[in-house]
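[1] any chance you can model this:
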Amino acid sequence: MALDLKRELNSEQYRAASTLDGPLLVIAGAGSGKTRMLTYRIAHMLERGIDERSILALTFTNKAAKEMGERIRALTGKRLEHLTTSTFHSFGMGVLKQYIQHLGFRNNFTIYDTNDRMALIKEVITNLDYVVESFDLYELSSLFSDVKTGRKSFGPNASQKIKGLYEEYEQHLKAYNAVDFDDLITKPMDLFNAHPHVLEKLRSRFTHILVDEFQDTSLAQYRIVEALAQKSRNLCVVGDDDQSIYSWRGANYQNLVMFEHDFPEREEIKLERNYRSTGTILEAANSLIINNKQRKEKKLWTEGEQGSSIRLIHPANDEDEASTIADEIMLSHKKEDRPFTDYAILVRTNSLLDTLETKLTERSVPTSVTGGTSFFDRKEIRDIVSYLKVIANENDDINFLRIINTPRRGIGRTTLERIRRVADSHNCSLFTATEIMGRATDSLLREGIRLSLARFSSLLADYHHDLFFGPRPKHMTLRSLVEHIDYKAHLEAEHPDNEALVGFKMKGISLFCDMLARFERENPTSSIFDFINRLSLAGKEGDEEESGKVALMTIHAAKGLEWDTVYVAGVEDRYIPHARAIEEDPANIDEERRLFYVAITRARRALVLSSCESRRRNHIETPSIPSRFLEEIPKTLFDEEDPAKKLSGDEVVDKLRLLRERLAQRSI
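    Residues are numbered from 1 along each chain as shown. Below is the predicted model:
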C-alpha cells in the first residue's frame, strides 16, 4: 500500500520527508517528531525506487539505529537486509573491516576500549623506562583522544616526552593489530585521504545520506559525511542546536554553520510543533533558551493542553530532597495506580545520585540508575572477554598480559620480562614468544615455568581452533573454556569468605555466554570477531533501558528520552549551571542553559524542580543558591510550594531573588 505522507505528517514534516534530492537542513525542536519524519522519509525513498543499498542513515546510539530500522521495516513491510541504519562508530568499523588492509592492518583487528587504552599507555610508559606513577594515565588518555580527533594539538611547546609516548602508543596499536575507539572515526578519513578509490567506491554506493542528532556530531564525524556526500549532494542533516550538550566529548554544534557553508544550495525546514509536552512546559523551555544568542531561532508550540504549573520545591537539604521526591513518587504510584516507568529523576552531576538512590531503595521504589558500573566493566566479564580477544587475535599483547596469570599460573615479573625480550628479539607477539619459550630446552628457564608457558600457549591455540573451526557452537566452546581454566576456583581464591559474591560473578559469566548464544542465533554467518567488536561498541553507544522502574540518571544520559513526570534535583548554582562554567569559563553558561532546556523538555505532563536551601559538599553543610536559570522562566508558570502558605507568582520571584541574595552574602 502506498504511503500517504500528507495524512501521516504535518506540513513541515511532509516537506522534509518528500524532499529527497539535494542537501537538506532540518532544524527539529525537542519532541517535534523528527524520528517519525526520518522513517517516513526513508520509506518514501524506497517507494520512489531508491535502492536500499544506496541509503545510509547515521545516528548516535545502537538503540536509536535499531529502532529506526524496525520502524522503516514496519512501514514498508519489507525485510530490507541491505539498508544501513547505524551509529557513526559502527559504520566506521564496517569501513575498516573492509578496507583497513590499505593502512597496513589485518582485517581481524581488535577494538581497544578505554581500559585497554589505559593499559597500553601504561605498558608504553614502562617500555620507555619512565616511571608510571609520574603520569596521570586518565589525563594522558584524554589528551591522546583529543589529539587524535583534532580537538587539540600538541603545540610547539609540548613536551617531547609526551609526543614520544603518543607516537609509541600508535606504533604499539599497529603492532598489536588493534585500533582504539577514536580510530573508528579517524581512520576512515585516513583511508579516504590516502586511497581516493576507497572513498569513490563508498560515494558510488551511498548516494543518499541522512544524519540524525546532527548537533552532536564531532568535526571528524562531519568530515566523513561531507566527504561521502560531496558528489551526490544528497545529504539530509537533522538536529537542534538548542540540544547541543556534548562539547566535552567533541560535539560541535558549529557543524550546522559548516554545513551551510559547504552546501550553500541547501533547503532549510524547521519542525517547531511539539507532540510531547504541555503548553506550560514549552513556554518555560522557550523562555529559558531564548537567552542563548547564538542559535537558530525557533519556538516550540503545541495544539495540546496547557497543563498544570511547574512545581518548584525548596527542601531543607539533600536528604530532605531525596526523601520528598521518593515519598511523592511512591504516593502517586499507589494513589493514581501509575507505573514506575512514568517517573524520572534527573541530575546535573553523578555526585547527586547516591542519596536519591538510597532514599528510593529505603521506600522499596524500584530504580534504574544510569551511571553505575557497566556489565562489561565488571572484572570477571573483562577477564573472559580478554581471553576471547587473545584467542581471536594472537597479536593482542595488552589482553594477553591480562590473562597470562588469570587464574594464577606462577608466571612472575622476571618471566614476563623474558617473554618481552624474546618477543622483541624475534619481532613477534607475546603469544608467539610464549610458544617459543614453551618449547625451549635451555637451563635458563625452570622446567615448571616452561611447562606452564607451554600449557598456556597450547590452551589458547586449541581454543582458537575450536572457536573458528570446531563443530560445537561458539557459546558452548566458551563455557568449556571457563571450566577448563577453572575460573570459579580463581574467584573462590580471591573471595574466600564470600560464597554469594562468587556465585553472583559466575552467574554474570553464564549470562555473558548466553549473550554469545543469542548473537550466534541472530547472526549465523558472523565470526567471533564480529561478536568481540559488537561488545566494544555496546559499552560505548548506550544500553537498553530497564523497564518497570523509576529512571534515575544525569541529564546528559536523558537526552532523547521522555517521561510523564520529571523531577529535576539540584536546580542550584554550582550544579546547573555547573561551578566550572560559573568560575572558570562563563562562555560555557550557554551549554549549561541548553542542558537545563533538555531536562525541562523531557517532561510530558508534570515538571517538578527542586532547589535545596543547603547541601552537603565535601561533608560540610553549605548554603545553596537557587539556579540563575529559574529567574529566566516567567513567574506565572510556577507553583512554588512553601510549608506555611501558597505563594502568588510575584511572591515566587521575590522569594527567589531574596533567597539568592541572602545565600550569596552568607557564602562570602
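
[2] only C-alpha atoms for contact and neighbour calcs from this point on.
    Will do.

[3] would you mind giving the secondary structure of Leu210?
    Under DSSP: H, G, I helix; E, B strand; the rest coil, Leu210 falls in the strand class.

[4] give the contact list for it.
    55-58, 235-238 (CA atoms under 8 Å, 6 or more residues apart in numbering).

[5] got the contact list for the helix or strand Asp564 falls within?
    Assigned by DSSP states H and E, Asp564 falls within strand 563-568. Applying CA under 8 Å, 6+ apart, the external contacts of strand 563-568 come out as 325, 341-347, 599-600, 602-610.

[6] ok, now stretch 124-132?
    So stretch 124-132 is contacted by 122, 165, 168-169, 172 (CA under 8 Å, 6+ apart).

[7] switch to 10 Å and redo it
    With CA atoms under 10 Å, 6 or more residues apart in numbering as the test, stretch 124-132 has contacts from 118-123, 133-135, 137, 161-162, 164-172, 420.

[8] show me the shaky parts of the stretch 551-668 of the chain.
    Counting by pLDDT under 70, the ranges of the stretch 551-668 of the chain that qualify are 641-668.

[9] contact partners for His197?
    Here His197 is in contact with 191, 203 (CA under 10 Å, 6+ apart).

[10] out of the contacts of strand 563-568, list just those in helices.
    Using DSSP state H, 325, 599-600 are the members of the contacts of strand 563-568 that sit in helices.

[11] picking up where we left off before, I'd like to know which of the contacts of stretch 124-132 are buried.
    118-123, 137, 162, 165-166, 168-170, 172, 420 (16 or more other CA atoms under 10 Å).

[12] which of these sit farthest apart?
    Ile162 and Arg420 (23.2 Å; CA to CA).

[13] what about the one helix or strand Arg402 maps to, distance to the chain center?
    Element membership of Arg402 [criterion: DSSP H and E] is helix 397-403. Taking the mean of its C-alpha atoms, helix 397-403 sits 25 Å from the chain's own mean (CA atoms, centre = their mean, to the nearest Å).

[14] which is the next helix or strand following that helix?
    Using DSSP H and E, the helix or strand that follows helix 397-403 in sequence is helix 413-426.

[15] what is the subsequent helix or strand relative to that following helix?
    helix 430-439.

[16] any idea how far that following helix is from the middle of the chain?
    For helix 430-439, the distance to the chain centre is 38 Å (CA atoms, centre = their mean).

[17] which residues are contacting that helix?
    176, 390-391, 393-398, 400-401, 404, 415-416, 418-427, 429, 440, 445, 447, 449-458, 460-461.

[18] likewise for stretch 360-375?
    Contact with stretch 360-375 is made by 322-323, 325-327, 329-330, 333, 340-341, 343-345, 350, 353-359, 381-382, 508, 512, 539, 543, 545-554, 557-558, as judged by CA under 10 Å, 6+ apart.

[19] buried residues in stretch 55-70?
    Applying a neighbour-count criterion of 16+ other CA under 10 Å, one finds 55-65, 68-69 buried in stretch 55-70.

[20] among those, which are in strands?
    Within these, residues falling in strands by DSSP state E are 55-59.

[21] tell me the angle the longest strand along the chain makes with strand 563-568.
    Scanning the chain for the longest strand, with DSSP E as the assignment, gives strand 603-610. Interaxial angle of strand 603-610 relative to strand 563-568 (axes from the mean of the first three to the mean of the last three CA atoms, to 10 degrees): 20 degrees.

[22] how far does strand 603-610 sit from its chain's centre?
    The chain centroid and the centroid of strand 603-610 are separated by 25 Å under CA atoms, centre = their mean.

[23] and the next helix or strand past that strand?
    Taking DSSP H and E, what comes next after strand 603-610 is strand 614-617.

[24] mean confidence score for stretch 173-184?
    Stretch 173-184 carries an average pLDDT of 94.

[25] likewise stretch 360-372?
    84.

[26] list the buried ones in it?
    Going by 16+ other CA under 10 Å, stretch 360-372 has these buried residues: 360, 365-370.

[27] ok, stretch 212-232 next?
    Buried, per 16+ other CA under 10 Å, within stretch 212-232: 212-229, 232.

[28] and those residues, which of them are in helices?
    Among the buried residues of stretch 212-232, the ones falling in helices (DSSP H) are 219-229.

[29] for these, which one is nearest Glu572?
    Leu219 (32.5 Å).

[30] quick one, what contacts the residue lying closest to that closest one once chain neighbours are set aside?
    Nearest residue to Leu219, sequence neighbours excluded (CA to CA, 6 or more residues apart in numbering): Asn252, at 6.4 Å. Residues in contact with Asn252 (CA under 10 Å, 6+ apart) are 214-222, 241, 244-246.
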